[in-house]
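Asks: Fold the stuff below for me.
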Amino acid sequence: MLFDTHVHLNATQFLEDRDQVIKRAFDTGVNHMVVVGFDRETIPLAIEIAEQHETIYAAVGWHPVDAIDMTNEDLAWIEELSQHPKVVAIGEMGLDYHWDKSPKDIQKEVFRKQIQLAKKVNMPIIIHNREATEDIIEILKEENAKEVGGIMHCYNDSVDYVQTCLDMNFYISLGGPVTFKNAPMPKEVASVVPIDRLLIETDAPYLAPHPNRGKRNEPAFVKLVAEKIAEIRQISYEEICEKTTKNAFEVFGIK
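Replies: Residues are numbered from 1 along each chain as shown. Below is the predicted model of the structure:
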């Protein structure tokens, strides 16, 4: 049994064959997924997909790239949706210094507001981090995000920051890059994260694992991530499935 903790089945890339993609995931043993909504378009569809499938859940938040577009009404809307029985996390949120659509100060403000909201509704948060690690850690500490904890989504930093994240009550989630032949860093991370704090994901339709790199990713491919981590840690595939699924249940508060 596998749990894809971060997938965008609400993306336009799945418009034509979403049902088949979900069936392939279930057939592969991916029994649970969290569909992440991050703006006005993707949030309603994330919830709709979750409502249609017993073991699919939703996360609702605002992506840092689009921080400049978020209004107070949007924040209130996210708070309202957080009460939906299939919503299990707030996010994805964070900082993205790769794209320059939203100024850094606005990204930081929107990030802080969402952490404060998550604490208010007592839900874990999903962190998007691109080229902004130091600022993200600083904000998480200042806002006492440890109170709710959450997930470092598609963790792409060195092992140097792993313990800091663990100390702040965060799980480390690894995706397709751990399978890339030219990517030693996520492999090193996979070998050191305590197994009770490890999660797996696809971030589909992005970051497809080897040997599908460059193609559209889908949740069935999370099996390749699990297999690679089992190989790196020299433990059984079954143990990775069992432990990462258990961890996902815990962080999302799923009974």
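Asks: Within the helices and strands, which one has Asn31?
Replies: strand 30-37 (DSSP states H and E).
Asks: tell me the angle of the helix or strand that that strand is followed by relative to strand 30-37?
Replies: Reading on from strand 30-37 to the C-terminus, the next helix or strand found by DSSP H and E is helix 42-52. Interaxial angle, helix 42-52 versus strand 30-37 (axes from the mean of the first three to the mean of the last three CA atoms, to 10 degrees): 150 degrees.
Asks: Buried residues in helix 42-52, which are they?
Replies: By 16 or more other CB atoms under 10 Å, the buried positions in helix 42-52 come out as Thr42, Ile43, Leu45, Ala46, Ile47, Ile49, Ala50. For the C-beta atoms, the positions are set from N, CA and C on the backbone; glycine is no exception.
Asks: Isn't the fourth one up against Met33?
Replies: The reference is to Ala46. No. If you go by CB atoms under 8 Å, Ala46 and Met33 don't touch, sitting 10.5 Å apart.
Asks: who touches both of the two?
Replies: Leu9 (CB atoms under 8 Å, 6 or more residues apart in numbering).
Asks: ok, whichever strand in the chain runs longest: who's next to it in the sheet?
Replies: For the chain, the strand that runs over the most residues, judged by DSSP state E, is strand 87-96. Strand pairing for strand 87-96, determined by DSSP bridges: strand 56-60 (parallel), strand 125-130 (parallel).
Asks: Need these in a markdown table (columns: mean neighbour count, distance to Thr179 and mean pLDDT).
Replies: Shown next, in a markdown table, are those (neighbours: other CB atoms under 10 Å; distance: least, CB to CB, whole Å; pLDDT from 0 to 100):
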| stretch | mean neighbour count | distance to Thr179 | mean pLDDT |
| --- | --- | --- | --- |
| strand 56-60 | 27 | 24 | 98 |
| strand 125-130 | 25 | 20 | 98 |
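Asks: I'd like to know which of the ones you listed is closest to Gln83.
Replies: strand 56-60 (10.5 Å; CB to CB).
Asks: now that closest one, how far from the chain's geometric center?
Replies: 10 Å (CA atoms, centre = their mean, to the nearest Å).
Asks: Start and end of stretch 141-150, how far apart?
Replies: Separation of the first and last residues of stretch 141-150 by CA to CA, to the nearest Å is 13 Å.
Asks: for the record, mean pLDDT for that stretch?
Replies: Averaged across stretch 141-150, pLDDT comes to 98.
Asks: what does stretch 177-193 give?
Replies: Averaged across stretch 177-193, pLDDT comes to 97.
Asks: which parts of it are buried?
Replies: Residues Pro177, Val178, Thr179, Phe180, Pro186, Lys187, Val189, Ala190, Val193 are the ones in stretch 177-193 that count as buried (16+ other CB under 10 Å).
Asks: which residues sit in contact with the last one?
Replies: Read it as Val193. Val162, Leu166, Ile172, Leu174.
Asks: got a winner among those for most neighbours?
Replies: Each of the contacts of Val193 was scored for neighbours by other CB atoms under 10 Å, and Leu174 scores highest at 27 neighbours.
Asks: So it versus Phe3, what's the distance?
Replies: 13 Å (CB to CB, to the nearest Å).
Asks: now for the contacts of Val193, which pair is the farthest apart?
Replies: The two members of these with the most space between them (CB to CB) are Leu166 and Leu174, at 14.2 Å.
Asks: ok, back up a step: as a markdown table, the strands paired with strand 87-96 with distance to Leu9 would be great.
Replies: Converted to a markdown table, these look like this (distance: least, CB to CB, whole Å):
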| stretch | distance to Leu9 |
| --- | --- |
| strand 56-60 | 8 |
| strand 125-130 | 15 |
